[in-house]
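S.K.: Give me a model of this one.
(one chain, ligands or ions: 2)
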Amino acid sequence: MSRRDIGVGLLGLGTVGSAVAKILLNKSNKLAEQIGAPLVLKKVLERDVNKARLDCFASLAMTDRIEEVTTDPEVDIVIEVIGGEHPALEYIKQAISNGKHVVTANKEVIAKHGYELLSSAKEHNLQLRYEASVGSGIPLISPFQQDLAANDISTIYAILNGTTNYILTQMSQEGWDFSTALKQAQKLGYAEANPANDIEGMDAAYKLAILSTLAFHTRVDPQDIYCEGISRLQASDFRYAKEFGYAIKLLAIAKRDNGTIEVRVHPAFIPEDSQLAKVDGVYNAIQVEGDLAGDLVFSGQGAGASQAASAIVADALIIARDICHGANYVPELQLNQELPIKPMRDIKTRYYFRMNVADRPSVLTQISRVLGDNSISISAVIQKESDLAAQTAVLVIMTHPAEEKAVQKALEEVKQLAVVNEVSNFIRVEG
Ligand code: NDP
Ligand code: HSE
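M.R.: Numbers count the residues shown, from 1 in each chain. Ligands and ions are numbered 1, 2, ... in the order given. Predicted coordinates for the structure are as follows:
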C-alpha cells in the first residue's frame, strides 16, 4: 500500500514539543525513507498560537482549538506533549474517539489512566504508545513489554527523575544550594511545568507505577506507592553519608515479595561503589532483575528535550510504518495478576538517623534503650558538631535491618526524651 503522507497533530509546542517539531521538519527525508511515506506535521495546538516564534516554525499551522487537530482528516497520529492530567486526558480520549493513533510522553496520564486509555485504543483498533513517559529517551516500555516478556521480574531499583538526580548531584558534588540547583534544572528544560511533582517524588512514582505494572502484570496505581521527596535533605546528610561510604539518591523501588509487591519512592543511602550511586546529573538508571535475563541496567539521560523527542518520534515512526504497510500491532497491557501492595509499615530495611541532642553523659544510653526496646539494633554511631556554648551535639546513628513500623514508633519515643532536642532526619539505607 502506498500513501501520500502520514499526518501528525502535535499538542504542545513547549520544551519537548519544539524538539519533536524540529525532528519532523529537519529529518523528514530520513523518516520518510524508514516509513515508506513522508511523516508530515499537519497541525499544532498551543494555548498561545503566536508561540511559534522560531523562524523554523513559521510555516506550522497553529491552532488553539483541540477539535481542529482531533477531527482533521489529514491527521493520523496525535502527539500529546502538553503535560499534566487535565486537559491532556480529555484530549487523548478525544483523539482516540476520532480514530487517531496517539503518542504521549505524559507519565501522569498513563500512570493514572493508562489501563482505560489502552483498552479504549484497542477497542478502536488504534495504537497508544508512551515510550518517552519513563526514562525519556532510554528504551524501557518496549523492553519491558517485549524483550523481557519471558522473565519473572523480581526487583526494580531505579533513579527515575532527572531533575532531582541533577539537584542531588549538584548539592553533593558542587556544594550548590537546593534552589540554585532547581533553577538550573528548570532552565535546562528538565523539570515539569510544576516542579513540585519532581521534588516531592510524584514524577518518579508515576514512572514506577508504569514500570511495575508492566513488570509484575498487576495494576499499580500511583496512590499505592509510598512517596517521599528530597526537600528534607540537608548538606550535613550528604557529608555524613560520604563518611559512612554512601551516596544519597532518590530511589524508586519495586520488589516482588511472597505474593505481595513493595513499591516505594524515597531518598536512600546507597553504597558509594554501587552502580546506581555512580549515576549523576540528569542521568537515570533502571536496574532490573529477571529470572532469565539476570541483572540488567538501562541507563541514559532521563530528561531533556531531544531525549524525549527521540522516543516520541520513534513511537510515531512505528505507527506510521504500520499505517503505511497496512499492519496494526496494538500492544496490550497484560494484567493477569492481582498482587496486593505491601503496607509501608511492614517493609524492612536499614536506617540512618540524625539527631540534635544534649551534649552530656547517658544520652546515647537512653536513645539505645528506646531503640533496643523496639528491636532496633545500632550498627554505627558517631557524635558530630558539638556546640560547647549550647551544650548540644549532633548524633548520627546507623541501624541494622528493622521494620518500618518499629522505627516510626521508636522515633516518636526518642522525640519524647528530655535529652533529645530534635530528630532532624531519618533516611532509609538500601543495598
Ligand atoms: P512544557 O511546559 O515545556 O510544554 C508544554 C506546552 O504545552 C507549553 O507550551 C504549554 O503552553 C502548552 N500547553 C499546556 N497546556 C495546554 C493546553 N491546555 N492547550 C494548549 N497548549 C497547552 O512541558 P515539556 O515540554 O517539558 O513536557 C511535556 C510533556 O513531556 C510532559 O508530560 C512531561 O512530563 C513530558 N516529558 C518531559 C521531559 C522533559 O525533559 N521536559 C522528558 C520526558 C517527558 P504554556 O506555556 O502556555 O502553558
Ligand atoms: N521532569 C522529568 C524529570 C522529565 O526530571 O525526570 C522527564 O520525565
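S.K.: Quick one: list the elements packing against the host helix or strand of K183.
M.R.: Using DSSP states H and E, K183 sits in helix 178-187. Applying 3 or more Cβ pairs under 8 Å, 6 or more residues apart in numbering; DSSP states H and E, one finds that helix 178-187 makes contact with helix 162-174. Just so you know, the C-beta spots here come from the backbone N, C-alpha and C atoms, and that holds for glycine as well.
S.K.: what about the residue in the stretch 201-350 of the chain positioned nearest to ligand 2, neighbour count?
M.R.: As assessed by Cβ to the nearest ligand atom, ligand 2 sits closest to A303 within the stretch 201-350 of the chain, at 3.7 Å. Counted with other Cβ atoms under 10 Å, the burial measure for A303 works out to 28 neighbours.
S.K.: Could you pull up the residues touching it?
M.R.: By Cβ atoms under 8 Å, 6 or more residues apart in numbering, the contact set of A303 is 136, 161-163, 166, 189-191, 282, 284.
S.K.: now, which of those residues sits nearest A393?
M.R.: Distance to A393, by Cβ to Cβ, is smallest for Y166 among the contacts of A303, at 33.4 Å.
S.K.: State the helix or strand in which V103 lies.
M.R.: For V103, the host element (DSSP H and E) is strand 101-104.
S.K.: wait, is T365 part of a helix?
M.R.: Yes. Assigned with DSSP: H, G, I helix; E, B strand; the rest coil, T365 falls within a helix.
S.K.: okay, now it: neighbour count?
M.R.: Quick note: T365 (other Cβ under 10 Å) scores 9 neighbours.
S.K.: now I138
M.R.: For I138, using other Cβ under 10 Å, the count is 23.
S.K.: isn't it right next to L296, touching?
M.R.: No. Using Cβ atoms under 8 Å, I138 is not in contact with L296, being 11.9 Å away.
S.K.: that older thread, what separates the residue of the stretch 201-350 of the chain closest to ligand 2 from L417, distance-wise?
M.R.: 43 Å (Cβ to Cβ, to the nearest Å).
S.K.: what does L251 give?
M.R.: From L251 to L417 the distance is 30 Å (Cβ to Cβ).
S.K.: Could you check which of those two has the larger neighbour count?
M.R.: L251 (23 against 16).
S.K.: Find the helix or strand that the more buried one is a member of.
M.R.: strand 246-257.
S.K.: Buried ones in that strand, by neighbour count?
M.R.: Of the residues in strand 246-257, 246-256 count as buried by neighbour count, 16 or more other Cβ atoms under 10 Å.
S.K.: What segments of the stretch 301-431 of the chain are strands?
M.R.: For the stretch 301-431 of the chain, the strands defined by DSSP state E, counting those that start in this stretch occupy 348-358, 378-387, 392-399, 402-403, 420-429.
S.K.: Quick check: chain neighbours aside, which residue is closest to D237?
M.R.: The spatial neighbour of D237 that comes closest, neighbours along the chain excluded (Cβ to Cβ, 6 or more residues apart in numbering), is N425 at 5.9 Å.
S.K.: And for L140?
M.R.: V134 (5.1 Å).
S.K.: residue contacts, the one you found?
M.R.: 107, 140-141, 160, 207, 210-211.
S.K.: Could you save those residues as JSON lines and add columns showing distance to ligand 2 and neighbour count?
M.R.: Putting the contacts of V134 into JSON lines (distance: Cβ to the nearest ligand atom, whole Å; neighbours: other Cβ atoms under 10 Å) gives the following:
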{"residue": "K107", "distance to ligand 2": "6", "neighbour count": "28"}
{"residue": "L140", "distance to ligand 2": "11", "neighbour count": "26"}
{"residue": "I141", "distance to ligand 2": "13", "neighbour count": "22"}
{"residue": "L160", "distance to ligand 2": "7", "neighbour count": "29"}
{"residue": "K207", "distance to ligand 2": "7", "neighbour count": "28"}
{"residue": "I210", "distance to ligand 2": "11", "neighbour count": "24"}
{"residue": "L211", "distance to ligand 2": "13", "neighbour count": "27"}
